[in-house]
Structures are given as structure tokens and as C-alpha cells.
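# Below is the structure, and that's it, no one-letter string:
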Ligand code: HMG
Ligand code: MG
């Protein structure tokens, strides 16, 4: 018989958190196989049905850079749900999102010079010149704009990334008009003390935790510990990917994101509300793993399926 989960709350943690599901975007952008548009649409519908409040659907990037998401237009037309956020790097991407009447975009900046060049074909400074008109026009059109910062905890080409450098990039993205900043550990090297230090540095710079989210990849098996550290530091928005899918095609050492199931198991065990039906989510990831032809790396998916 399966052991029912015991719930024990810990002091000074929030009652409720928001999970920002990135599996269809961050997960599928890194799959070798190109997943059929209809399967992606079904994946997204099932994630929404499982109670995930926000499901990032795809990216309006150059199809040559990320061929896995080249069907972004067809996918979003089929879903007909303008609330689903999409990644947009520039004005061309924004135009494509505007044509479909979408309401939420996310720009994605880099904390380091090298990754800005590799991921965006821009220098660190040039990325802001690309984002400025994109965010301005999106805001004028009434859109909500999230901003990611990649390589917040280390960079495979530059090594250590100073906390002040990350805060500086984050501040510039807030100044452009982003409503929320998602701090990315793109290659999964961060550890819990570093997470607290970075969030504390944002706080000291007057950029409060209410507008921060965290985005952990699990390369070194630290994603869940880092999520707990962020929870203790007051973060209430967590990015995660169903079944632990994911990576970044322009950062080879990036593996999957923190699995949504692992995060949900921890949060529910702490008595924290997520709105997610874990059983339905596990069934969705198991179904998706069938389409991808390999099992989910999530420990909770393995335990419950
Ligand atoms: P570029 O080649 O410098 O673009 O790429 P450009 O502005 O010079 O334009 C060249 C051509 O591309 C033009 O066409 C444009 O129209 C076209 P032409 O006139 O030659 O026919 N073009 C586009 N077409 C479609 N959609 C667009 C678009 N933009 C230009 N949006 C660019 C610059 C930013 C477009 C490119 O570098 C790119 O697409 N990069 C995306 C890389 C990416 O998606 N990476 C993964 C997401 S980030 C991530 O995973 C990290 C995250 O999860 C957080 C974390 O883990 O840290 C978010
Ligand atoms: Mg990512």
C-alpha cells in the first residue's frame, strides 16, 4: 500500500505559493525530438486541468535558433488562450505575440556577457537595447512582462558570477518595466546559501522579494534544496517543469528544471497550498514521457507512477 503523505508545517513559511510551469517551453525546447503541435497542446491542457495556475506555453524566437518551438504560432492559435505566457526576446517576437492577442510575455536576459552573446547574439549592454522597445511597446499594449535573468549562480564559460552583477542586470530589467524577475540557475550549480545571499542582495537594493521568482535547474541535484532556501527567504513564485523536463540549447551543461512533482510533494508536505492535483500531474508527465520515449527523471513521478 502506498504511504499517504504526512503534513507538518514549518514556521514562517507562506500558506500558499504560485507554481510557474515551464515544461512546455523550457522542457520541450531542449528535446532532440520535435514533438507534434497537437501533443504539445494536449500537454498544456492537461497541465492546466491538473491545477497549474500558469503554464508558459512556447517561445516566439527565431525558428532556426530553437526549431523545437518553430510551431509557436500554430500552437497558440490552436489553444486560443491569450492568458498563457510566451517567451519573446525582441520586437519581432513581440509583433508575433501581438498578432495573436496574447497578454503575457517574458523577456530573457543574461547576467553574463558570454551567455548574452550565445543566447541572444547581443552583448550584455546590447540586450537592454533590444529589450527596451520590446517592453515599452508591450506595456503600451497592456501586456504583462516577466523578465528572466540567466546564469545568476554561475556561468559555464565565465565561472563565478558576482551577486552585484546579477542585481545590476535585474535592476535594469525592472527599470525597463518588468513586473517580475525570475532568477535562473541555468546550469544548476547554485547551493542554498548562495540563493539566500542573492535574494538578500536584491532586498538590500530595494528590489523586494514580492517581485522575485526562482528558476532552478537540477544539474547538481540542488534544485529542491534551493527552492526550500528561497521559500525561507520569502519567495512565493517557483518555476518548475512537469516531470523535470528541460535545459537550454545554448548552455550545454544545463539539464532539466526542478520537477514540478518534486516541488509539489515538498510544498504539500509543508502544508502549503499550490492548487495542483499531484496525481493528475504525475499521470500527465508519465503520458508525456511515453511521447518522448524516455522515463521522467523526477523521483516523485517514479515513486507515484
Ligand atoms: P539574430 O540573428 O541576432 O536576429 O537573433 P536579428 O535581429 O539580427 O534578425 C535576423 C533575422 O531573424 C531577421 O530575418 C529577423 O526578422 C529574424 P531576415 O530579415 O533575415 O529574414 N528574427 C526573428 N524571427 C522570428 N522570431 C523572432 C525573430 N527575431 C529576429 N523573435 C534572436 C537574435 C534573439 C532572435 C536569437 O538569438 C534567438 O532567437 N534567440 C533565442 C534563444 C533561445 O530561445 N534560448 C532559449 C531560451 S532562454 C532559456 O532557456 C533560459 C531560461 O529558461 C532561464 C534560465 O534557465 O536561466 C529562460
Ligand atoms: Mg531555464
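Sure, I can see it. None of the values given here were measured: they were computed from a predicted structure. Ligands and ions are numbered 1, 2, ... in the order given.
# list the contacts for the one residue in the chain that gets nearest to ligand 1?
Nearest to ligand 1 in the chain, going by CB to the nearest ligand atom, is residue 184, at a distance of 2.5 Å. Where you see a C-beta, it was placed from the backbone N, CA and C, and this is true even at glycine. Applying CB atoms under 8 Å, 6 or more residues apart in numbering to residue 184 gives the contacts 148, 149, 150, 151, 152, 215, 217.
# switch the cut-off to 10 Å
26, 108-111, 115, 148-153, 166, 190, 213-217, 239, 248, 251, 254, 257 (CB atoms under 10 Å, 6 or more residues apart in numbering).
# Of those, which ones also sit close to ligand 1?
26, 108, 148, 150, 215, 217, 248 (CB under 6 Å from any ligand atom).
# confidence score at the first one?
We note a pLDDT of 95 for residue 26 in this prediction.
# Please apply the same query to the last one.
Model confidence at residue 248, given as pLDDT, is 60.
# residue ranges for the helices of the stretch 151-300 of the chain, please.
Ranges of helices in the stretch 151-300 of the chain, per DSSP state H, counting those that start in this stretch, are 163-176, 192-204, 223-232, 260-269, 278-292, 299-304.
# Serialize those to a markdown table and add fields for mean neighbour count and mean pLDDT.
Rendered in a markdown table, the data for the helices of the stretch 151-300 of the chain read as follows (neighbours: other CB atoms under 10 Å; pLDDT from 0 to 100):
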| stretch | mean neighbour count | mean pLDDT |
| --- | --- | --- |
| helix 163-176 | 18 | 98 |
| helix 192-204 | 17 | 98 |
| helix 223-232 | 22 | 98 |
| helix 260-269 | 23 | 98 |
| helix 278-292 | 19 | 96 |
| helix 299-304 | 18 | 96 |
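# Select, out of these, the one closest to residue 3.
helix 299-304 (9.5 Å; CB to CB).
# Work out the gap between that closest one and the centre of the chain.
21 Å (CA atoms, centre = their mean, to the nearest Å).
# got it, and stretch 8-16?
On CA atoms, centre = their mean, the centre of stretch 8-16 falls 23 Å from the chain's centre.
# So for that stretch, mean pLDDT?
92.
# ok, now stretch 70-82?
pLDDT averaged over stretch 70-82 gives 98.
# Name the residues that touch it?
24-25, 34-38, 40-41, 44-45, 48, 55, 57-64, 66, 69, 84, 86-88, 93, 96-97, 99-104, 143.
# The same query, at a cut-off of 7 Å, please.
37, 40-41, 44, 57-60, 63, 86, 96, 100-103 (CB atoms under 7 Å, 6 or more residues apart in numbering).
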